[in-house]
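Asker: I need the structure of the sequence given here:
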Amino acid sequence: MLEVFLAADKYAAASAYLHKMMETDGLVSTFSFTALMKYLAKNKRHSDVLAMFNLYLETRESKGQNPLLEYPADAIYVLAMRSAVELEDHETVLAIYGSFPDAMSMAVHTEMLVLAVSSCEREGDWRGAVTMYDEMTGKLDENTNVEMYKHIVKIVASAGEFDRALDVGGGQWYRQNRPDKGWGL
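Answerer: Now for the predicted structure:
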């Protein structure tokens, strides 16, 4: 029913239907939230995407035993992260990045990392970028690892903090991820 409302461009009716489902039988799923968030993102209503993401998190917590709210949450987190980046809300980007489930695919982890690092670059948060990259060292495929390494070095160099960046994580992000070291793979 949500998809029907959204196809007819009736977001208010879809949102009301979601709330009615939550109040009456509690049978809402990640797909319900995903459909609404995709609609909002497509219409560039990024603050509403984040509000829906927060509603999803609250609902998931309050309906603790509802497996329909646990899987798959990949799209919900990616949509929320993209909206936070669009809004240039770095604190929210960091919060989403720090809270997404480990069970997500490596493709989702990679997209979340790329989005978070781009936010770090815009905000001048070289330490955050280096820390996130350091945590993913050895987990990324070779092409992504090389591109991300170059991006991190560029962020650190533009901040003029290369010496201090070598102290983050003991400098492993730099020492392991170089062409002469096989890019950490």
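
Asker: mind jotting down where the helices sit in this protein?
Answerer: Taking DSSP state H as the criterion, the chain carries its helices at 2-7, 11-24, 30-42, 46-62, 74-86, 90-99, 106-123, 126-136, 142-159, 162-165, 172-175.

Asker: which one of the ones you listed lies closest to Leu68?
Answerer: Shortest distance between Leu68 and those, using C-beta to C-beta, is found for helix 30-42: 6.9 Å. All C-beta spots, glycine's among them, are computed from the backbone N, C-alpha and C.

Asker: can you give me how far that closest one is from the chain middle?
Answerer: Distance of helix 30-42 from its chain centroid, counting by C-alpha atoms, centre = their mean, to the nearest Å, is 15 Å.

Asker: now it - C-alpha only, PDB.
Answerer: Presented in PDB, the C-alpha positions along helix 30-42 are these (Å, rounded to 0.1, in the frame of the first residue of the first chain):
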ATOM      1  CA  THR A  30      12.700  -2.200   6.800                       C
ATOM      2  CA  PHE A  31      11.200  -2.300   3.400                       C
ATOM      3  CA  SER A  32       8.500   0.100   4.600                       C
ATOM      4  CA  PHE A  33      11.000   2.600   5.800                       C
ATOM      5  CA  THR A  34      13.200   2.100   2.700                       C
ATOM      6  CA  ALA A  35      10.400   2.900   0.400                       C
ATOM      7  CA  LEU A  36       9.600   6.200   2.200                       C
ATOM      8  CA  MET A  37      13.300   7.100   2.400                       C
ATOM      9  CA  LYS A  38      13.900   6.400  -1.300                       C
ATOM     10  CA  TYR A  39      11.000   8.600  -2.200                       C
ATOM     11  CA  LEU A  40      12.200  11.400   0.100                       C
ATOM     12  CA  ALA A  41      15.800  11.200  -1.200                       C
ATOM     13  CA  LYS A  42      14.600  11.200  -4.800                       C
END
